[in-house]
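> sequence first, then the predicted structure, then my questions.
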Amino acid sequence: MNIKISIKIESDNGTLQVSKDVAQFERGQLTLANLGLTLEESKQILQGIQQEIVSSQVSQYMEQQTPCPDCGLPRKCKGKHKLVYRSVFGKLELTSPRLFHCSCQTHQQKSISPLALLLTERQSPEYLYLQTKFASLVSYGLSVQLLNEVLPLDGTLNASSVRYKLHQMGQRLDDELDEEQYIYVEGCPMEWEELPRPDLPLNVGIDGAYIHAYRPKNSEQQKSFEVIVGKSIPEQGASKSFGFVQTYDTKSKRRLFELLKSQGMQMNQQVTFFSDGGDTVRDLQMFLNPQAEYLLDWFHVTMRITLLSHYIKGVKHYDPDQATSMAERLKSLKWYFWHGNVFRALQKIESIEWDAEDLEIDYPKLSKMRKAITEFRIYIQNNGGYIPNYGERYRCGERISTGFVESAVNQVIAKRMEKKQQMRWTPKGAHLLIQVRTKVLNQEWKNIVHQWYSNSDEDAEIPMAA
């Protein structure tokens, strides 16, 4: 069986402009391996079809650009040069004529290259979308291997160019954010009452994680830096994640505010913020909404109590009576927190702290235990105003913990930057990657790229590869 794939291109009036074979291959007796097209054959077909389509499009465009737009007389050609354009179906070398300006008008330059002015980007939007999408999900090297495997790119793509493009797109996202403000509450209570009835409350969880920092050899730079990750969950609709490197980002509060606005947040709508109690997170969530409620995550409270209980278990081997007394007070401490009694809880912490200072034993982790108890007391003093009656909220079916944001940290950071990954990151590189990755995870990246590169005012999306 001899198979030929041909393409025919007609003008608007029906005249045949191109009729050409783009691929040819043979098939013998039917087997499991030769049923249908192979991947390499499909690459060849697509590359051949695209070459003919692009040649016709460029020829038609240059025919339209040859007449002077003012007087209609044909403009003379000064010369031709090659223009390289990359798409999902390979590299294209386009002939770009340079035309003299017509003498009917004065111009600053003597000539113009219409095709070069039209193609301001030398890569197609869909090609950029695929590179940045996969690079945000897996490593740059694996992204290159994947795209070279399934697309007819002829090995022209490399990890460095993918990383550069992703950083470029991430920076564009950052640049589109408005300037940072300290307070984002707008209007007054009278205006808020006139707003439409709000949706059910938004639940926003914010947490931090650390990733390995890139350190030149013999450098004294820090081994890691903090990334803030959050997730906003409406009662109805899709949840959205965000993230940033807190030592690099200068618009962190604006970033969170715009995310909440994209979920329909109004000034008369309740928003509940859950956090781990860190200084950065406390400042981030303030003054975004007048109806906001700020709560300390129950998980982070119990996590610190559990750590202290492990230390006290070690004390039992040296002073069983004192360890039993401290363990009982630690148990009642958790009960006070559960019922929101911060005053009594602080009293219990201070009594445990005094007992730890009075211990005179050879427990090797005694200094670490004392330090942990003191840090816990300071932590509660700083966040006491954000500790609610957890038991009452739990009985009413309300959230008391940020389990949902722990999954967001794992999704945004751990799977791409931590765990078994051996990569090292600069704050800038990590921050820009996170911006693109969160847009991909939020199912927004395709629409954003379409809006950037679409020349049409229509609302319909341009079909793009998934």
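Right, received. Where do you want to start?

> what helices and strands are in contact with the biggest helix by length in the chain?
Determined from DSSP state H, the single longest helix within the chain is helix 39-65. Helix 39-65 makes packing contacts with strand 2-10, strand 16-26, strand 90-100, helix 114-118 when contacts are defined by 3 or more Cβ pairs under 8 Å, 6 or more residues apart in numbering; DSSP states H and E. To be clear about C-beta, it is placed using only N, CA and C from the backbone, and glycine gets the same treatment.

> dump the ones you listed to a markdown table, plus distance to Gly429.
Listed next are the helices and strands packed on helix 39-65 as a markdown table, based on distance: least, Cβ to Cβ, whole Å:
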| stretch | distance to Gly429 |
| --- | --- |
| strand 2-10 | 43 |
| strand 16-26 | 41 |
| strand 90-100 | 27 |
| helix 114-118 | 31 |
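
> looking at these, which is buried most?
strand 90-100 (a mean of 16; mean count of other Cβ atoms under 10 Å).

> just the CA atoms from that strand would do, formatted as PDB, please.
As requested, C-alpha coordinates have been extracted for strand 90-100 and formatted as PDB (Å, rounded to 0.1, in the frame of the first residue of the first chain):
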ATOM      1  CA  GLY A  90       9.500  22.900  14.300                       C
ATOM      2  CA  LYS A  91      11.800  25.800  13.300                       C
ATOM      3  CA  LEU A  92      10.800  27.900  10.300                       C
ATOM      4  CA  GLU A  93      13.100  30.000   8.200                       C
ATOM      5  CA  LEU A  94      10.900  32.700   6.600                       C
ATOM      6  CA  THR A  95      12.000  35.100   3.800                       C
ATOM      7  CA  SER A  96      11.400  38.600   5.000                       C
ATOM      8  CA  PRO A  97      11.700  41.300   2.300                       C
ATOM      9  CA  ARG A  98      12.700  44.800   3.200                       C
ATOM     10  CA  LEU A  99      10.700  47.500   1.300                       C
ATOM     11  CA  PHE A 100      11.600  51.100   0.600                       C
END
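
> and it, which strands flank it?
Strands that pair with strand 90-100, judged by DSSP bridges, come out as strand 77-87 (antiparallel), strand 111-112 (antiparallel).

> what's the most buried one of those strands?
Each of the strands paired with strand 90-100 was given a mean neighbour count from mean count of other Cβ under 10 Å, and the largest, a mean of 16, is that of strand 111-112.

> following the helix-or-strand element of the chain with minimal mean pLDDT, which helix or strand comes up?
Least confident helix or strand of the chain, by mean pLDDT, DSSP states H and E, is helix 415-417 with a mean of 78. Next in sequence after helix 415-417, counting helices and strands by DSSP states H and E, comes helix 427-441.

> show me what counts as buried in that following helix.
Within helix 427-441, the residues that qualify as buried are 427, 429-441, counting by 16 or more other Cβ atoms under 10 Å.

> mind checking pLDDT for the residue of the chain positioned farthest from its centre?
The outermost residue of the chain, judged against the average C-alpha position, is Asp321 (52.5 Å), by Cα atoms, centre = their mean. Reading off the confidence values, Asp321 has pLDDT 91.

> and if you look at Glu418?
At Glu418, the predicted lDDT confidence score is 66.

> then Arg424?
According to the model, Arg424 scores 86 on pLDDT.

> what's the burial count for it?
The number of residues packed near Arg424 is 15, by other Cβ atoms under 10 Å.

> check contacts around Leu166.
With contact set as Cβ atoms under 8 Å, 6 or more residues apart in numbering, Leu166 has these partners: Gln131, Thr132, Ala135, Ser136, Tyr140, Leu432, Leu433, Val436.

> sorry, slip of the keys, the one I care about is Val58.
Leu94, Thr95, Leu115.

> picking that back up, any idea of the mean pLDDT in the longest helix of the chain?
89.

> again with stretch 361-370
When pLDDT is averaged over stretch 361-370, the result is 92.

> same thing with stretch 113-132?
Taken as a whole, stretch 113-132 has an average pLDDT of 91.

> distance between it and the chain's centre?
Distance, stretch centre to chain centre, for stretch 113-132: 23 Å (Cα atoms, centre = their mean, to the nearest Å).

> report the buried residues of stretch 283-300.
Using 16+ other Cβ under 10 Å as the burial criterion, the residues of stretch 283-300 that qualify are 284-286, 288-292, 294-300.

> where does the protein dip in pLDDT?
For the chain, the stretches flagged by pLDDT under 70 are 218, 220, 418-422, 455-466.

> residues contacting Leu73?
Taking Cβ under 8 Å, 6+ apart as the criterion, Leu73 is in contact with Pro67, Cys102, Cys104.

> is the residue nearest to Leu115 when sequence neighbours are not counted in a bridge, and if so with what?
Of all residues not flanking Leu115 in the chain, Ser96 sits nearest, at 4.3 Å (Cβ to Cβ, 6 or more residues apart in numbering). Note on Ser96: beta-bridge partners by DSSP bridges are His81.
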